[in-house]
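Asker: Attaching a predicted model along with its sequence, questions to come.
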Amino acid sequence: TPVLTVRDLVVEARRPDGAPLRILDGVGFDVAAGQTLGVVGESGSGKTMTATAVLGLLPPGVSVTSGGIRFADRELVGLRESQRRELRGKGIAMVFQDPLAALNPVQPVGQQIGEIARRRDGLSRAAAGRLAVDLLERVGVPDPAGRARAYPHQLSGGLRQRAVIAMALAGQPRLILADEPTTALDVSVQGRILALLTKIQAEDGVSVLLISHDLRVMSHAAQQVAVMYAGKVVERGATREVLHRPRHPYTAALVRSVPAVHSRSAPVAPIPGNPPRLAALPTGCRFHPRCPLAVERCRVEEPVAREVGPGRVAACHRAEEVLP
Ligand code: SF4
């Protein structure tokens, strides 16, 4: 059962001349209960904008113009800001790239975690303090009672991100939205934070929407993946299937560009060219100027997303011809 369903989502901004600029074009996916859906793509593909739309935090001048976002049987598009604020931190918790930005620099982390629990359950100050220590212990912070009294700047980057995850858990969310949660951390810490998210998901049955540019992150942490390119989802399905048998040339190119995902024996191949500017999209398939399989049809006819296997969707005229 999906906890989050995004359907045909269109997000637009206004250009200086007043004409609409489409940033997301018909984005759709489900996040199943107790599962992680990864959204992956190059920068500018629309993955962070998708997360921002789910949270109702689109920047001024940018809005959802059609489509829907359904969370726990509730339509989010059109909710008032006060209703959205209630959802954020309770139903939906956030873990962002920079833990410092999520933490109050002048308040001990234990208090910050406890305040979320107090808002949710009306706990006493002492009970919230004990819960904060328990949560810090649960997310693997050593000396949790001591660290609860520390200010954010006194913790390492990895411990700060663990504290942010503890804050997320304090709201007992059904969905954790994690946007590049390991990108700013040392490589040695990244794997441990991903393992922590996976453990929490398994223990609490919480769903995770994981945004990352890194396919290796997806291969470790996401059961399902949606691949985005130039504001569209071009392929989705079970992560293992998508990475081992891509059905879209862009996914295949992404896989070939990453050493740890690609076969160790074959050479790594960067994707030629750059993603298009949204204000100057190519005709037909948006990927055609970079696609090794492009034919004349691709230059004139935009491919629609279609089923290409059990639980697999790809938007490509030649999906059946993409080599593993
Ligand atoms: Fe390549 Fe054509 Fe498929 Fe686009 S539709 S990804 S250009 S083969």
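Answerer: Happy to help now that I have it. The structure displayed is predicted, hence computed values, not measured ones.

Asker: so what pLDDT did residue 189 get?
Answerer: As predicted, residue 189 sits at a pLDDT of 87.

Asker: Now do the buried residues in stretch 10-27.
Answerer: Buried residues in stretch 10-27, counted by 16 or more other C-beta atoms under 10 Å: 10, 11, 12, 13, 21, 22, 23, 24, 25, 26, 27. Backbone N, C-alpha and C define where each C-beta goes, glycine included.

Asker: how far away is the closest residue to the third one other than its chain neighbours from the ligand?
Answerer: Distance criterion C-beta to C-beta, 6 or more residues apart in numbering; nearest residue to residue 12, sequence neighbours excluded, is residue 20 at 4.4 Å. Per C-beta to the nearest ligand atom, to the nearest Å, residue 20 is found 24 Å from the ligand.

Asker: Now do the phi/psi pair for the residue of the stretch 51-200 of the chain found nearest the ligand.
Answerer: Residue nearest to the ligand within the stretch 51-200 of the chain: residue 67 (22.6 Å; C-beta to the nearest ligand atom). Per-residue torsions, residue 67: phi 90, psi -180 (degrees, to the nearest 10).

Asker: From the ligand, how far off is the residue lying closest to residue 205 once chain neighbours are set aside?
Answerer: If the residues on either side of it in the chain are set aside, residue 205 comes closest to residue 34, at 4.3 Å by C-beta to C-beta, 6+ apart. Applying C-beta to the nearest ligand atom, the value for residue 34 to the ligand is 33 Å.

Asker: same thing with residue 44?
Answerer: Applying C-beta to the nearest ligand atom, the value for residue 44 to the ligand is 18 Å.

Asker: my read: that residue touches residue 274, true?
Answerer: No. At 9.0 Å, residue 44 does not count as touching residue 274 under the criterion of C-beta atoms under 8 Å.

Asker: Of those two, which one has the most company?
Answerer: residue 44 (18 against 10; other C-beta atoms under 10 Å).

Asker: circling back to that earlier point, where does the residue nearest to residue 205 fall, phi/psi-wise?
Answerer: The phi/psi pair for residue 34 (degrees, to the nearest 10) is phi 70, psi 10.

Asker: Now do it: how many residues are near it, please.
Answerer: 16.

Asker: what do you get for residue 285?
Answerer: Using other C-beta under 10 Å, residue 285 has 29 other residues around it.

Asker: That one belongs to a strand?
Answerer: No. Residue 285 is assigned coil when assessed by DSSP: H, G, I helix; E, B strand; the rest coil, not a strand.

Asker: Run through the residues that contact it.
Answerer: 291, 294, 298, 299, 301, 302, 303, 316, 317 (C-beta atoms under 8 Å, 6 or more residues apart in numbering).

Asker: and if you look at residue 231?
Answerer: Per C-beta under 8 Å, 6+ apart, neighbours of residue 231: 22, 23, 24, 25, 27, 45, 46, 49, 278, 286.

Asker: nearest to the ligand, of the residues you listed?
Answerer: The ligand lies nearest to residue 286 out of these, by C-beta to the nearest ligand atom, at 7.5 Å.
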